[in-house]
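**Q** Everything below, folded, please.
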Amino acid sequence: MARVLIVGAGLTGSLCAALLRREASSPLRLTVWDKAGDSGGRMTTASSPHNPQSTVDLGAQYITCTPHYAKTHQSFYDELLAGGILKPLISPIDGMVTKEGDCNFVAPHGVSSIINHYLKQSGADICFRQRVTQINLRDNKWEVSRETGSSEQFDIVVLTMPAPQILQLRGDITNCHLSTLP
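**A** Here you go, the predicted model:
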């Protein structure tokens, strides 16, 4: 069984984990590491330290589905709407720019609920406060070192953190050609 590490528990990492679980032709052992203390990355829902029921979305407060995205990603929106994770945004937001055909959505339980939905679907082992520092190729496996704890070996490593964080990594990974999607 291939061991797969996804570094980053934001939207990209959580969706990647869910899609790998859903689409893989053979069993995978999925692991997600994130340097933060919780999932969400740039789409985090924070709670008040004085009242945990009082929350605020940091990063994305609403999600826009353009006609272009709807053509290829409608199933994701449908899934999140059916599960009550998203609902249509019906109240105007000051300064919001809308274009014809756009649909806007909010996450009534916070934007982190989107990430948590996909992480749960993935069945991955999720570990927080795991800051990756170095990645080396050892015996056809990726040896991943972190600030705390021993290094571990994986067959596949997927980096979903922001590019500036990837550029800070040390080891053999610095000799790889990294590509980013537009």
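
**Q** And for stretch 109-124, what's in contact with it?
**A** Defining contact as C-beta atoms under 8 Å, 6 or more residues apart in numbering, one finds that stretch 109-124 is touched by 6, 9-11, 14-15, 17-18, 20-22, 30-32, 38-41, 43-45, 55, 57, 59-61, 63, 80, 83, 85-86, 107, 126. No exception for glycine: its C-beta is placed from N, CA and C like everyone else's.

**Q** same check, this time on stretch 150-165
**A** Counting by C-beta under 8 Å, 6+ apart, 2-8, 10, 12-13, 16, 31, 35, 41, 134-135, 138, 141-145, 166, 169, 178, 180 sit against stretch 150-165.

**Q** and with 7 Å instead?
**A** 2-8, 10, 12-13, 16, 135, 138, 141-145, 166, 180 (C-beta atoms under 7 Å, 6 or more residues apart in numbering).

**Q** Can I have the buried ones of the residues you listed as a PyMOL selection?
**A** Here is the PyMOL selection string for the buried members of those, based on 16 or more other C-beta atoms under 10 Å:
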select buried, resi 3+4+5+6+7+8+10+12+13+16+135+142+143+144+145+166
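
**Q** Next, check the contacts of stretch 150-165 against the helices and list the overlap.
**A** 12-13, 16, 166 (DSSP state H).

**Q** out of the residues you listed, what pair is the most spread apart?
**A** Maximum pairwise distance among the ones in helices among the contacts of stretch 150-165 (C-beta to C-beta): 14.6 Å, between C16 and I166.

**Q** and the ones in helices among the contacts of stretch 150-165 as JSON lines, adding distance to Q130?
**A** Formatted as JSON lines, these follow (distance: C-beta to C-beta, whole Å):
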{"residue": "T12", "distance to Q130": "17"}
{"residue": "G13", "distance to Q130": "12"}
{"residue": "C16", "distance to Q130": "16"}
{"residue": "I166", "distance to Q130": "15"}
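
**Q** The residues you listed into TSV, with extra columns for pLDDT and distance to S112?
**A** Listed next are the ones in helices among the contacts of stretch 150-165 as TSV, based on pLDDT from 0 to 100; distance: C-beta to C-beta, whole Å:
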residue	pLDDT	distance to S112
T12	95	14
G13	97	13
C16	96	17
I166	89	23
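
**Q** For stretch 21-28, which residues meet the burial criterion?
**A** 21, 28.
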